[in-house]
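A.B. asks: return a 3D structure for these sequence lines:
(one chain, ligands or ions: 2)
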Amino acid sequence: MTVTTSHYSLLAVLCVVLIVLYFAKRSLDIINNPPKSKKKGYGASEDEPVPLPTPLNITPEEVKTRDDRPWRPFRWPYHQTMSIFKLDVNHWLDMDKYYYDYIKEKERVIHTYGPDNFDSLPGSEDACLELMETVKEHMLLRYPLLFTTPDNGVHVKNELTGEVLDFSEPLKENPLVYISKMAKEDFYVVRKGEDGAHRLVAAAVPFPGGSFGIKYKLGKTLDVIHTEVPYYEEKLKPSMEKWFSRMKPADLVERASWYISWDHKLLLNNVYALKEGDKVQSDILPSQFNVRVERQTLRRLPKSKAIIFTNHPVFYSIDEMKDEPLVPSLIRKIIYEAPESICKYKNFQSFRDHLLPYLNNLVDEQIKKGLITEDTPVKTMPTYPFASFLKDSDDTKGWSNPKYPVNYSKEFHKEIETAPVLERDTFARSAKVGNLIFSST
Ligand code: HEM
Ligand SMILES: *[C@@H]1O[C@H](CO)[C@@H](O)[C@H](O)[C@H]1NC(C)=O
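C.D. replies: Numbering: from 1, shown residues only. Ligands and ions are numbered 1, 2, ... in the order given. Now for the predicted structure:
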């Protein structure tokens, strides 16, 4: 090696170290709100490179027992805010033991409902292709043992499902299908029109949970899509627009919202399949109640400039969280005392009286065990939006609940058996009234 080349490689190593340090520092900065306009210079500059993920060498066997980061997105006081956090690109598309179930369930939804849940508008082709390439690159870089390629990405084997995806041109299938065979997330592709409004131009959304098919949302502006969302106009819309007007490809964020249901279904939950005014059946056990966390991310693609919104549902039973200080108290407070419009949107009335004795008991138990006292203020936990045991593990090992490990795969499969009937009835009803949430008759 000559002196010159070793100098160059030293310089290159130094650059890499500096870049790594820079991102390491940036990822420490958590943001709860979009930047105030005073704070000039926040966020990435236009030409800052989009961060690439680092390899996580987990095997398909390890994924089978792996849990994702433990979300606990309960806030009190409950103000409707964007509540976004800076996202480490490594967590854009996470892996957990339910991956197999989710990919299988996606197949069922595509097969049964097709364009109701997977569709794109003319003019979104470049954005969808860019998204497909971005997802593929992410999977190959982040999970080298889960996604492999013999020919630089022309063929990619999903080692989890065993399927080989053929990316040679012309593509055999819609890019949305390729995306859905690699990632367990729902994807929304949003573009800014000449009128300045952001519209949904493509979507692969098998798991909306409560809102009805994306066929009603495609081509609509974000304002129209969020019509039913409490405080959208006055609180969310202004922050969202400000955020979108500044968001660069290197600014990745995540957020989480949640609701409660007494099942683990992904396409349509029991709580949103009820008719207006109906209540949970009286024989449902408290242990069947789950918090469905909607873990969401936002990023911008550099070429098409499209905004990509992902959503990934994951369930935590109230039971598995019972010994986490304040969790039962927070849930009880929120389902009764959150603003009326939010209670209605999340259909809390349909089950809260049924759940109250159980929650009361959990709170009493926490006091008896000394986890909280009578006077502990019920407010957002210090480890928000995660459980305290986040710090006890890492990416390689994953985050199984150390005290009450859970695996809802079996229940999920049982629930799916009866899902089609529930779906048919509920969708038929919602088609008549134009909205699933609070559809009557
Ligand atoms: C950029 C693309 C986005 C898309 C495509 C999108 C789409 C949706 C959809 C389909 C729903 C369900 C609406 C329904 O009930 O029918 C929803 C709900 C909601 N969205 Fe968005 N959204 C986006 C961005 C955001 C952002 C940035 C925020 C942050 C403020 C946000 C906040 C909410 C909230 C608060 C709800 C109500 C449910 C909940 O509590 O999460 N959305 N969104
Ligand atoms: C979870 O349950 C499913 C279905 O019963 C089973 O196949 C799987 O091995 C279980 N996984 C773990 C990590 O226990």
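A.B. asks: show the contacting residues for Pro313.
C.D. replies: Contacts of Pro313 were listed using CB atoms under 8 Å, 6 or more residues apart in numbering, and they are 207, 209, 266, 292-295. (C-beta placed from N, C-alpha, C; glycine too.)
A.B. asks: ramachandran coordinates for the residue of the stretch 201-350 of the chain found nearest ligand 2?
C.D. replies: Residue of the stretch 201-350 of the chain nearest ligand 2, by CB to the nearest ligand atom: His264 (11.9 Å). In terms of degrees, to the nearest 10, the main-chain angles of His264 are phi -120, psi 20.
A.B. asks: coming back round to it: most neighbours of all the contacts of Pro313, which one?
C.D. replies: Neighbour counts for these, by other CB atoms under 10 Å, peak at Leu266, which reaches 27 neighbours.
A.B. asks: spatially nearest residue to Ser317 (excluding sequence neighbours)?
C.D. replies: Asn290 (5.0 Å; CB to CB, 6 or more residues apart in numbering).
A.B. asks: do you know how far the one you found is from Tyr98?
C.D. replies: In this structure, Asn290 and Tyr98 are 13 Å apart, going by CB to CB, to the nearest Å.
A.B. asks: please identify the helix or strand for Arg429.
C.D. replies: Arg429 belongs to helix 409-433 when elements are defined using DSSP states H and E.
A.B. asks: residue contacts, the residue most central in space within the chain?
C.D. replies: The centre of the chain sits closest to Arg295, judged by CA atoms, centre = their mean, with a distance of 2.5 Å. Counting by CB under 8 Å, 6+ apart, Arg295 touches 68, 71, 94, 254, 256, 311-314.
A.B. asks: let's see that with 7 Å instead.
C.D. replies: 71, 254, 256, 312, 314 (CB atoms under 7 Å, 6 or more residues apart in numbering).
A.B. asks: quick one: the strands in the stretch 201-350 of the chain, in order.
C.D. replies: 253-261, 290-300, 307-317 (DSSP state E, counting those that start in this stretch).
A.B. asks: tell me which of these lies nearest to Met139.
C.D. replies: strand 307-317 (13.6 Å; CB to CB).
A.B. asks: indicate whether the closest one makes contact with ligand 2.
C.D. replies: No - Strand 307-317 is not in contact with ligand 2 by CB under 6 Å from any ligand atom; minimum separation 13.4 Å.
A.B. asks: who in the protein is up against ligand 2?
C.D. replies: By CB under 6 Å from any ligand atom, the residues of the chain that approach ligand 2 are 64-65, 97, 407, 409-410.
A.B. asks: put the buried members of these into a PyMOL selection.
C.D. replies: Only the buried entries of those go into this PyMOL selection, using 16 or more other CB atoms under 10 Å:
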select buried, resi 97
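A.B. asks: will you turn the residues of the chain next to ligand 2 into TSV that also has distance to Ser168 and pLDDT?
C.D. replies: As requested, the residues of the chain next to ligand 2 are exported to TSV (distance: CB to CB, whole Å; pLDDT from 0 to 100):
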residue	distance to Ser168	pLDDT
Lys64	31	97
Thr65	35	96
Lys97	32	97
Asn407	38	97
Ser409	35	98
Lys410	39	98
